[in-house]
Structures are given as structure tokens and as C-alpha cells.
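1. let me see the structure of the following:
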Amino acid sequence: MPIPADLRSWLALRAVTGLGDAGLCRLAQTLGLAEAVCRAPAEALMESGGVRRSVAEAIGRGPDLESQRAIDRELKLLERLRCSVVTYLEPGYPARLRMIPDPPPFLYVSGIMEERDQHAVAVVGSRRVSAAGRAVTEELSRELAGAGFTIVSGLARGVDAATHRGALEAKGRTVAVLGCGIDRTYPPEHGALRERIEACGAVVSELPLGALPHSYHFPRRNRIISGMCLGVVVTEAAAQSGSLITARLAGEQGREVFAVPGFIKADNSRGPNGLIKQGAKLVEGAMDVIEELLPQLEPPVRDRIQARIPVPSATSGGPPSDRNEARVYAALSAEPTHLDAVIIRAALPASDVTSLLLAMELKGSVRQLPGQFYIRI
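-> Numbers count the residues shown, from 1 in each chain. Take a look at the predicted model:
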């Protein structure tokens with residue numbers, strides 16, 4: 001895996017107290033190389049990079065002994081890991097992420113980032129997702145990925161995991177942004193999911209190797225999720241959810257903000273419903289997102305995505321025309337309904353209802369959830 005020749009210089013600059021991401025990237029861009037920043041006189045750094053004298057002098061002194069040892073350990077570990085590093089100055093760095101006010105100076109990457117990943121949409125939400133919210137998230141992600149967008153999320157439990165799985169079902173590209181070091185997987189039970197993402201997308205992190213998933217890492221992680229994308233979709237989120245931080249950052253970065261409305265009394269609907277009140281675009285299906293983003297795309301990309309949007313057929317999805325199927329469909333809603341309740345509401349024999357549900361599931365009108373629950377699509 002490629003490791004930049006001047007990565008030691010980037011790591012040394014990251015260790016400088018008082019030099020933030022924006023300042024580091026500004027200096028590197030101005031002087032052309034991280035090595036050039038490390039060698040530059042303090043006066044030149046102050047003049048070209050706008051840094052304070054104390055910071056410029058700290059850059060000239062270089063990292064202390066403890067920091068040097070940490071850098072040596074990291075470089076040795078990188079040689080053994082299946083990951084690469086892409087710096088702010090390299091062509092492989094995500095183009096949209098480079099535009100935000102505080103881009104990460106470099107990213108650790110497992111898997112492969114591609115140029116088409118600049119046409120990305122983030123789908124985020126609660127870790128405690130409902131069955132209906134999970135189904136909606138998977139459907140949105142699947143359809144957006146199927147249309148050609150790269151789907152970005154955070155590999156967390158709940159909505160994030162449903163987002164990645166939906167994109168993978170469409171055999172599309174998906175990127176997971178970690179709130180820990182690239183050599184860790186959090187939560188640990190998502191190891192198999194991470195391997196699937198790496199096989200047809202990428203897992204990225206800005207944090208040093210070995211960094212633990214501390215709570216304060218995730219708000220910073222969220223700026224990368226939104227910064228990589230054209231827009232952010234929030235499917236389910238409580239009023240104080242971290243997903244709302246991602247949505248706020250998206251707005252500050254000039255990205256589109258979308259939200260899936262929910263039942264007004266449900267805690268997980270308060271986040272997206274609140275975003276809609278504040279001007280987020282209401283989303284009932286993938287086309288609501290696609291129509292909003294198409295004008296921002298280059299004509300060849302726009303044509304390619306429009307060509308991949310499936311045309312609904314008369315026999316797939318939607319309310320059925322058969323009378324008994326219509327009775328079963330009417331007994332369902334977007335909220336999970338148990339089989340026993342469907343039988344009672346439809347007023348049909350149990351054997352008929354189970355047969356009808358199977359037929360309707362094959363047509364795409366309903367979906368079965370664990371525990372003999374069903375939702376209408």
C-alpha cells in the first residue's frame with residue numbers, strides 16, 4: 001500500500017501544539033511540501049502561513065523525543081498494515097473534503113478511494129434505530145447506490161450499519177469514516193461488515209494508529225462524513241443525536257441537508273422533523289435526494305445517473321390490485337405489524353394471509369422483518 005515519502009514530516013507537523021488542521025494544510029499548500037514547512041524559517045512561516053511566532057518556532061524545533069518515538073512506532077506499524085495514507089496535497093485526497101474550512105491534513109485508508117467517490121451522499125442517524133427506520137435507511141441507501149452515488153456513513157450501530165448494508169446490497173460503493181484509529185474496528189462486531197466495505201469501497205480515519213473510540217472523536221469524525229459528500233440524509237435521530245451535528249456541519253459546509261419525516265410522538269423522529277422545520281428537504285424516497293443533487297453534477301455524471309434510475313413497473317411495489325392482497329396491504333403500515341395483527345385486520349384465514357404476504361414480498365409491496373413483523377413499501 002502506498003505511503004507518502006514525506007509522511008514523517010506530516011506526522012511531525014501534526015504533533016506541533018497550536019497548529020490546527022486548517023493551519024497545517026494552509027502551510028503545506030503554500031510551500032508545496034510538508035518537508036518544506038518543517039525546514040522553513042520562522043519568519044517565512046509567519047508570513048506565508050499566518051501562524052503565531054510560538055507555533056512557527058515549535059515547527060522549527062521539531063517534535064520532542066517522546067513524539068519522535070511515537071512517529072517511529074507509527075511508521076513501522078504502517079509498514080505491516082494493509083492500509084495507505086493520502087495527504088491533503090495528493091490527487092487521491094477527496095476533492096470535496098479539501099474545500100471545508102478545517103480539512104484533515106491526511107487520511108488513513110483501508111480499501112480503495114476512487115475518483116467517482118466525489119459524487120457521494122451521507123446517510124446517518126440513530127444508533128437505536130427502529131425496525132421501520134432500518135428498512136427505510138436500507139432502501140434509500142440501496143437506491144442511491146444503485147443510481148451511482150457513493151454512500152458514506154460512520155460504521156456505527158443502527159442507521160450507519162443499515163446504510164452500508166443497503167449500499168452493499170446494490171453492489172454499489174460505500175465509505176465508512178471511523179472515530180478511532182484505522183487499525184481498530186468500532187463497534188467490534190462490525191468486523192465482517194467492514195471487510196465487505198473494504199472490498200468495494202473504503203474505510204477511512206484521520207486519527208493516529210491505535211486511537212481509541214473516545215466520544216470526543218466523533219464530532220470531528222462527522223465533519224469528514226459531511227465534507228466528503230454532496231449532501232447528508234438523516235433518517236432517524238433523537239433531538240440530541242450526534243447525527244444532527246453532521247447535519248449542522250453539512251449546512252455550514254454548503255452541503256444539502258435532507259431528512260426523512262417520522263411520527264411526531266416518536267423520539268427518533270424529533271431530529272429529522274426538527275431539521276425539516278429548519279429548512280431541510282423532506283425525503284420520502286431516493287428520487288427526492290437525486291432530483292435535488294442532479295443540477296450540481298457535471299453533465300456526463302448527470303446523464304449516467306439518470307440512465308441508472310429504475311423506471312417503476314406496473315407489477316412492482318405499491319398497492320396491489322388483487323382484492324385480497326389489497327386487504328392485507330391495508331392492514332399494514334410503515335410501522336412494523338405482527339402477523340397475528342395482520343390476520344385479524346385483514347379478516348382472512350391465516351393460511352391465506354401468509355401466502356398473500358409471501359407473494360406480495362416477492363412483488364416488492366411488503367417486507368418481512370424479524371419476529372414475523374411486516375411493513376408495507
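2. from here on, just use CA atoms for contacts and neighbour counts.
-> Fine.
3. now the residue lying closest to F373 once chain neighbours are set aside: phi and psi?
-> Using C-alpha to C-alpha, 6 or more residues apart in numbering and skipping residues adjacent in sequence, the residue nearest F373 is H338, 4.2 Å away. Backbone torsions for H338, taken as degrees, to the nearest 10, come to phi -70, psi 150.
4. check H338 and give its pLDDT.
-> On pLDDT, H338 comes in at 93.
5. swap in P261?
-> 94.
6. what of V123?
-> Note on V123: pLDDT of 98.
7. now swap in S355 and tell me
-> Reported pLDDT for S355: 91.
8. can I assume it sits in a strand?
-> No - assignment of S355 by DSSP: H, G, I helix; E, B strand; the rest coil gives helix, placing it outside any strand.
9. that one and A238, how far apart?
-> Using C-alpha to C-alpha, to the nearest Å, S355 is found at 37 Å from A238.
10. what about the residue nearest to F373, how many residues nearby?
-> 17 (other C-alpha atoms under 10 Å).
11. who has more neighbours out of S355 and A238?
-> Using other C-alpha under 10 Å as the criterion, S355 and A238 rank with A238 on top: 22 against 12.
12. which residues sit in contact with the residue lying closest to R26 once chain neighbours are set aside?
-> Nearest residue to R26, sequence neighbours excluded (C-alpha to C-alpha, 6+ apart): G49, at 6.2 Å. Contact analysis of G49 by C-alpha atoms under 8 Å, 6 or more residues apart in numbering lists G23, R26, L27, T30.
13. same check on V55?
-> V55 touches V16, T17, G18, L19, counting by C-alpha under 8 Å, 6+ apart.
14. in a strand, it, correct?
-> No - residue state for V55 (three-state DSSP) corresponds to helix; a strand is not indicated.
15. quick revisit: how close does the residue nearest to F373 sit to V289?
-> To V289, H338 is 31 Å away according to C-alpha to C-alpha.
16. same question, L144
-> Taking C-alpha to C-alpha, one finds L144 at 8 Å from V289.
17. repeat for L97
-> The spacing between L97 and V289, counted by C-alpha to C-alpha, is 20 Å.
18. what do you get for I305?
-> From I305 over to V289 the distance is 12 Å, taken as C-alpha to C-alpha.
19. phi, psi for A156 please.
-> The phi/psi pair for A156 (degrees, to the nearest 10) is phi -70, psi 170.
20. let me know the pLDDT of it.
-> pLDDT, A156: 96.
21. is it correct that it is in contact with P188?
-> No - counting by C-alpha atoms under 8 Å, A156 does not reach P188; the two are 9.9 Å apart.
22. show me which of the two is the more surrounded one.
-> Taking other C-alpha under 10 Å, A156 and P188 do not tie; A156 has more neighbours (24 against 10).
23. show the contacting residues for that one.
-> Neighbouring residues of A156 by C-alpha under 8 Å, 6+ apart: R127, Y186, P187.
24. now with 6 Å?
-> A156 makes no contacts at all, as judged by C-alpha atoms under 6 Å, 6 or more residues apart in numbering.
25. could you check how far R248 is from L144?
-> Between R248 and L144 the computed distance is 22 Å (C-alpha to C-alpha).
26. ugh, wrong one, I meant M287
-> Going from M287 to L144 by C-alpha to C-alpha gives 8 Å.
27. which one's more surrounded, L144 and V289?
-> Taking neighbours as other C-alpha under 10 Å, L144 and V289 compare with L144 leading, 27 against 23.
28. CA atoms of the host helix or strand of the more buried one as CSV?
-> Using DSSP states H and E, L144 falls within helix 131-146. Provided in CSV are the C-alpha atoms of helix 131-146 (Å, rounded to 0.1, in the frame of the first residue of the first chain):
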residue,chain,number,x,y,z
ALA,A,131,-37.2,-1.7,12.5
ALA,A,132,-39.1,0.7,10.2
GLY,A,133,-36.2,3.2,10.3
ARG,A,134,-33.7,0.4,9.4
ALA,A,135,-35.8,-0.7,6.5
VAL,A,136,-36.2,2.9,5.2
THR,A,137,-32.4,3.5,5.6
GLU,A,138,-31.5,0.3,3.7
GLU,A,139,-34.0,1.2,0.9
LEU,A,140,-32.7,4.7,0.5
SER,A,141,-29.1,3.7,0.5
ARG,A,142,-29.7,0.8,-1.8
GLU,A,143,-31.5,3.0,-4.4
LEU,A,144,-28.9,5.8,-4.1
ALA,A,145,-26.0,3.4,-4.5
GLY,A,146,-27.8,1.7,-7.4
